[in-house]
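**Q** Fold the stuff below for me.
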Amino acid sequence: MAAFDWFWKAMGASGERNTKKSKGIVDEAHQRIDSLAALSNEELAAKARGLVTENQITDKSEFLAILSIASERTLGMVPFNVQNQAVLRMLEGDVIQMATGEGKTLVGAMAATGYALTGQRTHVITVNNYLAERDAQWMRPLVEFFGLTVGYVTERTPRRERRAAYESDVVYAPVTEIGFDHLRDNQITHRDQTVQVPAQVALVDEADSVLVDEALVPLVLAGSEPGVQATGQITDVVAHLRETEHYTIDDDQRNVFLTDEGATRVEKRLGIDSLYSDEHIGTTLVKVNLALHAKALLLRDVHYIIDDGKVSLVDASKGRVAELQRWPDGLQAAVEAKEGIDVTEGGRILDSITLQALMRRYPRVAGMTGTAVEATDQLREFYDLHISEIPRAKELQRFDEADRVYHTMADKQHAIVEEIALLHETGQPVLVGTHDVAESEALSEALEARGITVNVLNAKNDREEARIIAEAGDLGRVTVSTQMAGRGTDIRLGGADESDHDEVAKLGGLAVIGTARHRTSRLDNQLRGRAGRQGDPGLSLFFVSMEDDIVVSGGADNELTVKPEPDGRIQTKRVQDFVEHCQRVTEGQLLEIHRQTWKYNQLLADQREIIDERRATLLDSDKAWEELAARLPERAEQLQGLESSIREQAAREIMLYHLDNEWSEHLALMDDVRESIHLRAIARETPIDEYHRIAVAEFKELAQRAVDEAVETFESVEIDGNGAHLENAGWKRPSATWTYMVSDNPLAGSGNSVISGISNMFR
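**A** Residues are numbered from 1 along each chain as shown. Sure, this is the predicted structure:
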């Protein structure tokens, strides 16, 4: 793939693609504003609708001009030319890159309004509930100016209100709620129970986060059946195992393996002959491996926190508590057992869908973010999306200093504290981006010991995010934050009211410090983008050590001999180039992980489409009755005394129950197959080929079993004027369902995961 990077970037990236043409249209739009400004609101709205023919805009410059006038009249906001350029590119179906503070919220609303005027229902997809509600209310006047409707959905929206919201022309909603509503709609037994209404366009805010970082995260609908849980005895045995002697961890910190000595010790403590026997390989060994993964690879205050007696996952790409997320049930239970807290009920997975599969259901996807260019390969390969880089309205004044590289972690940590103290003495506000909760707290303690007051923002107090971020640009403020906390919110110089803006600007603006490079430069640039908003001055600086995760992992096959200065710093271009090389290697690794995971997910996504089509057919026709009556004509004859609608609904519920049940079983089976595919793969076949072979064969059997079991139920179940009494026959749908996300993010590695004695950081 690497050899063809230039090709993908030429095809999908940004800088020159249609830029000249777009600017020409935008310039013409600007010239038309004066002549159109004399029209009334009603005349402008009618004129905009008249510019649409067969879902296409016939005069884009006039269309943009009308949107601009409407924005000024309804919101008091006059779009910059670069904002209009961004709107145009989004209406063409691109992902646009705009810097922080350049007005993406308005751009998204204008583009959504444009699509809605062409008759295409549009979902504006946000990363959280707060932004969905805020942006919908904020941008409502613009959308309604044209006689269009706007709605929003959050996790608090009652079911009865969701349908009305989804019927709007423009719908704001977090991606999780859209996905969960889709899954819930796939459990209905009558069409009038549907909540969602199809949309033709998805406009994705923070597109790189949704389409790349979280793309492979499955959204899960679970039902009230106990899941498989780890046992306390296995947890106790694994807790006493020692690294190297009893288990080993691979270089990228993603897998852990029992040694022969470790396996023998576990077998002896559990009183079994062999973990690898037919009796234990699919049960005991799985639980041992889960407990070992929880012990060796998942660190408290790095990958998760304990909050109110519960395990709460930390979203590695955002540094916040991952709302609604959990690991696959066995691993979740293993971590809970490890921490000695109540093991939660896992439940049976009824249905699941990855964000990537969800987004591919839209006929058209476009988006916006501050860091799209670095995700060009993924967006082009997996979504066939192009990138348009939108210039800033004001020239960037931020100074991006070269990385400061140190020999050891300890040298780096000392230098970070010294640099923050030095900047703080001048009164310049400082925002420090750390990689996990433990690091943020250790750094905070070190700074407090120097007499520096620190605002800490991490997964333990993310409820205070808005207040902390609003103050981060204030005079003399030091904020220590995990990853991208505050993304989506501007940090204004001089505080939320900008009262000290000019004084802070004279000091150099906001200084952003990264405590380590991320596994992808895109996340680095997200952090850099917190400074230098709308032409403000600013500074960004990253610290790196040769012991950082990215260097150890990305430079594993290369040895670099360097001589540090007395303070541990290494100042050579060779080491700077080496760090860049290490990051490119890890970026390549992440892309390959994404590509391989996509191959596993894609087959299930294709099979899901077949299931969805079958469900739609059963819901929207009398196909269920026809099929069952054809198989059992005598039983059908017995039911002729019932109203046709009752007979058809009874047949529909029987068919749907067994289809849904078999699909649930299929998902569980393929999850087990994927976990053990390296054991199942046979000679001359790769794991992915063997996985596909099993998935196709099992899916064929699923379809036949669903029909056969429906026929058996149709023959035996009681059907009367109240319909089919499935529950009396033991065919009961779950009494309760809930939703969550399964964390399987390849970006989840901590930048400082190669830390020994985490409590001694920055000391």
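**Q** Which pLDDT value belongs to the residue most central in space within the chain?
**A** Per CA atoms, centre = their mean, the C-alpha nearest to the average position across the chain is that of Glu214, at 2.6 Å. Note on Glu214: pLDDT of 84.
**Q** what's the answer for Ala2, then?
**A** For Ala2, the pLDDT comes out at 43.
**Q** domain ranges for the chain?
**A** For the chain, automatic domain parsing gives the domain ranges 2-216+355-389, 232-346, 397-581, 615-671+686-732.
**Q** And those, which one averages the lowest pLDDT?
**A** Mean pLDDT, when computed for each of the domains of the chain, is lowest for domain 232-346, at a mean of 80.
**Q** tell me what the top strand by length along the chain is packed against?
**A** What stands out as the longest strand in the chain, according to DSSP state E, is strand 537-545. Judged by 3 or more CB pairs under 8 Å, 6 or more residues apart in numbering; DSSP states H and E, strand 537-545 is in contact with strand 397-400, strand 404-406, helix 409-426, strand 510-514, helix 521-528, helix 549-554. Backbone N, C-alpha and C define where each C-beta goes, glycine included.
**Q** who does the fourth one pair up with?
**A** It refers to strand 510-514. Note on strand 510-514: by DSSP bridges, its sheet partners are strand 430-434 (parallel), strand 537-545 (parallel).
**Q** same check, this time on the second one
**A** On the basis of DSSP bridges, the sheet neighbours of strand 404-406 come out as strand 537-545 (parallel), strand 569-570 (antiparallel).
**Q** okay, the ones you listed in TSV with distance to Asp502 next?
**A** Shown next, in TSV, are the strands paired with strand 404-406 (distance: least, CB to CB, whole Å):
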stretch	distance to Asp502
strand 537-545	11
strand 569-570	34
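**Q** looking at those strands, which is buried most?
**A** Stretch with highest mean neighbour count among the strands paired with strand 404-406: strand 537-545 (a mean of 23; mean count of other CB atoms under 10 Å).
**Q** my guess is Ala38 is in a helix, correct?
**A** No: counting by DSSP: H, G, I helix; E, B strand; the rest coil, Ala38 falls outside a helix, being coil.
**Q** Please report phi then psi for it.
**A** Backbone torsions of Ala38, given as degrees, to the nearest 10, read phi -80, psi -10.
**Q** From Arg32, how far out is it?
**A** In this view, Ala38 and Arg32 are 12 Å apart by CB to CB, to the nearest Å.
**Q** More neighbours: those two, which one.
**A** Using other CB atoms under 10 Å as the criterion, Ala38 and Arg32 rank with Arg32 on top: 18 against 8.
**Q** Look at that one and give its secondary structure.
**A** Strictly by three-state DSSP, Arg32 counts as helix.
**Q** Please name the nearest non-neighbouring residue to it.
**A** Nearest residue to Arg32, sequence neighbours excluded (CB to CB, 6 or more residues apart in numbering): Ala65, at 4.2 Å.
**Q** list the contacts for the one you found?
**A** 29-30, 32-33, 36 (CB atoms under 8 Å, 6 or more residues apart in numbering).
**Q** who wins for neighbours among those?
**A** Ranking those using other CB under 10 Å puts Ala29 first, with 26 neighbours.
**Q** Which residue comes closest to it once chain neighbours are left out?
**A** Residue nearest to Ala29 in three dimensions, not counting chain neighbours: Leu64, with 3.8 Å by CB to CB, 6+ apart.
**Q** immediately after the helix or strand hosting that neighbour, which helix or strand?
**A** Using DSSP states H and E, Leu64 sits in helix 60-75. As assigned by DSSP H and E, the chain's next helix or strand after helix 60-75 is helix 81-91.
**Q** Alpha carbons of that following helix, in CSV - could you do that?
**A** The C-alpha trace of helix 81-91 is given here as CSV (Å, rounded to 0.1, in the frame of the first residue of the first chain):
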residue,chain,number,x,y,z
ASN,A,81,-15.9,33.1,1.5
VAL,A,82,-13.9,30.1,2.8
GLN,A,83,-17.0,28.9,4.7
ASN,A,84,-19.0,29.1,1.5
GLN,A,85,-16.3,27.2,-0.3
ALA,A,86,-16.6,24.5,2.4
VAL,A,87,-20.4,24.4,1.9
LEU,A,88,-19.9,24.0,-1.8
ARG,A,89,-17.5,21.1,-1.4
MET,A,90,-19.8,19.3,1.1
LEU,A,91,-22.7,19.7,-1.3
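**Q** For that helix, buried residues please.
**A** In terms of neighbour count (16 or more other CB atoms under 10 Å), helix 81-91 has its buried residues at 81-91.
**Q** ok but Leu591 is inside a strand, no?
**A** No: counting by three-state DSSP, one finds Leu591 to be helix, located in no strand.
**Q** give me the number of residues near it?
**A** 19.
**Q** Hmm, it is touching Arg380, no?
**A** No: assessed by CB atoms under 8 Å, Leu591 is found out of contact with Arg380, at 11.4 Å.
**Q** Between the two, which contacts overlap?
**A** Here Leu591 and Arg380 share no contacting residue, scored by CB under 8 Å, 6+ apart.
**Q** Of all the strands paired with strand 510-514, which one is nearest Ser521?
**A** strand 537-545 (10.4 Å; CB to CB).
**Q** List the contacts of stretch 529-537.
**A** 99-102, 370-371, 392-399, 431, 433, 472, 486, 490-493, 505, 508-512, 538-540.
**Q** For that stretch, measure first residue to last.
**A** For stretch 529-537, the first-to-last residue distance is 12 Å (CA to CA, to the nearest Å).
**Q** now that stretch, how far from the chain's geometric center?
**A** 26 Å (CA atoms, centre = their mean, to the nearest Å).
**Q** And it, what's buried?
**A** 529-534, 536-537.
**Q** Can you tell me which of those residues comes closest to Ile387?
**A** Ranked by distance to Ile387 (CB to CB), the buried residues of stretch 529-537 are led by Gly529 at 16.1 Å.
**Q** Asn728 is in contact with Glu718, isn't it?
**A** Yes: using CB under 8 Å, Asn728 is in contact with Glu718, at 6.3 Å.
**Q** Val78 reaches Ser68, doesn't it?
**A** Yes: between Val78 and Ser68 there is a contact at 7.0 Å, judged by CB under 8 Å.
**Q** Counting neighbours, go ahead and name the busier of the two.
**A** Comparing Val78 with Ser68 by other CB under 10 Å, the one with more neighbours is Ser68, at 26 against 12.
**Q** what sits against the more buried one?
**A** Contacts of Ser68 (CB under 8 Å, 6+ apart): 29-30, 33, 78-79, 84.
**Q** Any chance of those in a markdown table with distance to His501 as columns?
**A** Putting the contacts of Ser68 into a markdown table (distance: CB to CB, whole Å) gives the following:
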| residue | distance to His501 |
| --- | --- |
| Ala29 | 32 |
| His30 | 29 |
| Ile33 | 30 |
| Val78 | 21 |
| Pro79 | 23 |
| Asn84 | 27 |
